[in-house]
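Student: Build the 3D model from these lines:
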Amino acid sequence: MAIDSKTVYAQSSDIKSRTYLEYRKDMKKKAIAELEIIDWLENKLKELYNNKIIKVNKSGGDEFLWFLRKGGVSRKPDFVADIDGDKKEFEFQYADKEGLEFYDFKISKVAKRKKDKSLEPIKNKLFIYIYKPQRKYAIIEPEWIFNNSNIAMVEAWRTAAYRVPKDKFEKILKYDPGLEQICNQIDIKTYILNFQHSLIDIYKDKLSFLLQSVIDEDKIINIIPNELESYFEVCFILDNLNKVPHNANLWLVYLLSYITEGISLNEIAKILYCIDFLYSK
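Tutor: Next comes the predicted model:
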């Protein structure tokens, strides 16, 4: 897939280690959490800044929809808060699991390099961190992370990061009962997302013979299928081959015509998969 230099500046090693379909799933998970907390974050900032006029807006490469990131890492923050006319950037992270020994933050999000190549913490930025298992949160300045961590390798990310030890980080976490409903909503929507991708794995098993039988990839991208099952099969093949159909906008228009009253859940699942694939292109 072509990389858009206007919205993407790099592909980190953890992204490269996944298929694009897996990457899209991970971006959806993050978007679910971000969109669930936005009102809570705005109210929390009003408490923090003594009820000043505050508006929090979604930002980042996925400002409107998660797939605008196009498989890369955006320089933009996750949220931008307007606090009485002053702009404050926010990065958002959350933890699903208990028992973490370290809390990790990407170096480029916390610090920037000076002319002498040394690192200094970024100004006018805050991190909002939610620890889901205990419904706790922290709002942290990059300087605090910079001063309370060590740079070390994070195997899951395949890169080095700032690692804050558990005993230091958990001291700054605060319980908020308002996170109970929000975390439940995140869990429910993530469960549905995981279910959807389990279904995609079933599709893969059923359609593997089609992938193996593809000879002329270029020919496929020029065909506009004429019924839903064919549409789904062709989109599935192109997705797995990392190919983009010619006239993708036209494909999307035709696909939407299959959304009618009385369609089955199976048909809805296939339409959603095709929309997901086409719109991301």
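Student: which residues of the stretch 51-200 of the chain score low on pLDDT?
Tutor: 51, 60-75 (pLDDT under 70).
Student: What segments of it are strands?
Tutor: Remark: strands assigned in the stretch 51-200 of the chain by DSSP state E, counting those that start in this stretch are 54-58, 79-83, 86-95, 102-106, 111-113, 119-121, 125-131, 136-140, 150-154, 159-165, 174-175.
Student: Give me whichever of those is most buried.
Tutor: For these, average neighbour numbers computed from mean count of other C-beta atoms under 10 Å are highest in strand 125-131, which has a mean of 22. Using the backbone N, CA and C atoms, a C-beta is placed for each residue, glycine as well.
Student: And the contacts of it?
Tutor: 33, 37, 41, 77, 79, 88-95, 103, 105, 109, 136-142, 145, 170, 173, 179, 183 (C-beta atoms under 8 Å, 6 or more residues apart in numbering).
Student: tell me the angle that strand makes with strand 159-165.
Tutor: 70 degrees (axes from the mean of the first three to the mean of the last three C-alpha atoms, to 10 degrees).
Student: and strand 125-131, which strands flank it?
Tutor: Strand 125-131 pairs in its sheet with strand 86-95 (parallel), strand 136-140 (antiparallel), by DSSP bridges.
Student: Could I get those in JSON lines, plus columns for distance to residue 189?
Tutor: Shown next, in JSON lines, are these (distance: least, C-beta to C-beta, whole Å):
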{"stretch": "strand 86-95", "distance to residue 189": "13"}
{"stretch": "strand 136-140", "distance to residue 189": "19"}
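Student: I'd like to know which of those lies nearest to residue 192.
Tutor: Taking C-beta to C-beta, strand 86-95 is the member of the strands paired with strand 125-131 nearest to residue 192, at 17.9 Å.
Student: Just the angle for the closest one relative to strand 54-58, thanks.
Tutor: Using the same axes, to 10 degrees: strand 86-95 against strand 54-58 is 60 degrees.
Student: Tell me what angle strand 86-95 forms with strand 102-106.
Tutor: Put simply, strand 86-95 runs at 140 degrees to strand 102-106, going by the same axes, to 10 degrees.
Student: who touches strand 86-95?
Tutor: Strand 86-95 has contacts (C-beta under 8 Å, 6+ apart) with 33-34, 37, 41, 56, 59, 77-81, 103, 105, 109, 124-133.
Student: and if you look at stretch 38-56?
Tutor: 58, 79-84, 90, 128, 137, 139, 176, 178-179, 182.
Student: Which single one of those residues is nearest to residue 267?
Tutor: Distance to residue 267 across these (C-beta to C-beta) is lowest for residue 58, with 31.3 Å.
Student: and that closest one, what are its bridge partners?
Tutor: Beta-bridge partners, per DSSP bridges, of residue 58: residue 79.
Student: Surely it is in contact with residue 77?
Tutor: No: assessed by C-beta atoms under 8 Å, residue 58 is found out of contact with residue 77, at 9.9 Å.
Student: Could you point out which of the strands paired with strand 125-131 sits nearest residue 265?
Tutor: Residue 265 lies closest to strand 86-95 among these, at 30.4 Å (C-beta to C-beta).
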